[in-house]
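generate a structure from the sequence data that follows.
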Amino acid sequence: MREVHLRDVDLNLLHALHALLEERHVTRAAKRSFLSQPAMSRALDRLRETFGDPLLVRTGRVYERTPRGERVLRELESIMGRLGAMVQGEEFSPARSQERFRVAMTDHGSTILLPTLLERVRKAAPHARLEVSAWRTQAYED
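Residues are numbered from 1 along each chain as shown. Model (predicted):
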């Protein structure tokens, strides 16, 4: 079995691979991935080289997944959702946040705004930390 390092794999091809293995049709996979049909064909060639397997084999007018293609598809179905969630990140939840927020205010601004701001932050984000400092013009010019 040949050794392939992840650093040598074009991870941009994962979406194309997923589309190809699900659709089993180059043109439909290309449309789904917003690629031209020739670009998707080139992606399939590169994927075949990377995996050392045809992944999809033409039988008449359709492609069939190879056994390796079937295994890869199962793995991709598990991975793609997690990758999407990782990239998208979590939705901000003030109630669970333990973040530190820094606010710089003038003396006048802190007199007027700070009491209401503190009250709202305590209610919405009880575990968050709010650091208030004096506004210094020279500190924010850079």
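
name the helices or strands packed onto the longest helix along the chain?
Secondary structure of the chain per DSSP state H: the longest helix is helix 67-88. Secondary-structure packing of helix 67-88 (3 or more CB pairs under 8 Å, 6 or more residues apart in numbering; DSSP states H and E): helix 13-23. The way it works is simple: take the backbone N, C-alpha and C, and place the C-beta from them, glycine included.

all helices of the protein, in order?
Assigned helices in the chain, in chain order: 13-23, 26-32, 37-51, 67-88, 107-124 (criterion: DSSP H).

what's in contact with the shortest one?
In other words, helix 26-32. Helix 26-32 has contacts (CB atoms under 8 Å, 6 or more residues apart in numbering) with 16, 19, 20, 22, 23, 36, 37, 39, 40, 41, 44, 63.

follow-up on the earlier one: would you list the helices of the chain in JSON lines and tack on distance to residue 97 and mean neighbour count?
Output for these, formatted as JSON lines (distance: least, CB to CB, whole Å; neighbours: other CB atoms under 10 Å):
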{"stretch": "helix 13-23", "distance to residue 97": "32", "mean neighbour count": "20"}
{"stretch": "helix 26-32", "distance to residue 97": "37", "mean neighbour count": "18"}
{"stretch": "helix 37-51", "distance to residue 97": "41", "mean neighbour count": "16"}
{"stretch": "helix 67-88", "distance to residue 97": "17", "mean neighbour count": "12"}
{"stretch": "helix 107-124", "distance to residue 97": "9", "mean neighbour count": "12"}
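
centroid-nearest residue for the protein?
The centroid of the chain falls nearest to residue 87 when counting by CA atoms, centre = their mean (2.4 Å).

which pair in the contacts of helix 26-32 spans the largest distance?
22 and 36 (18.8 Å; CB to CB).
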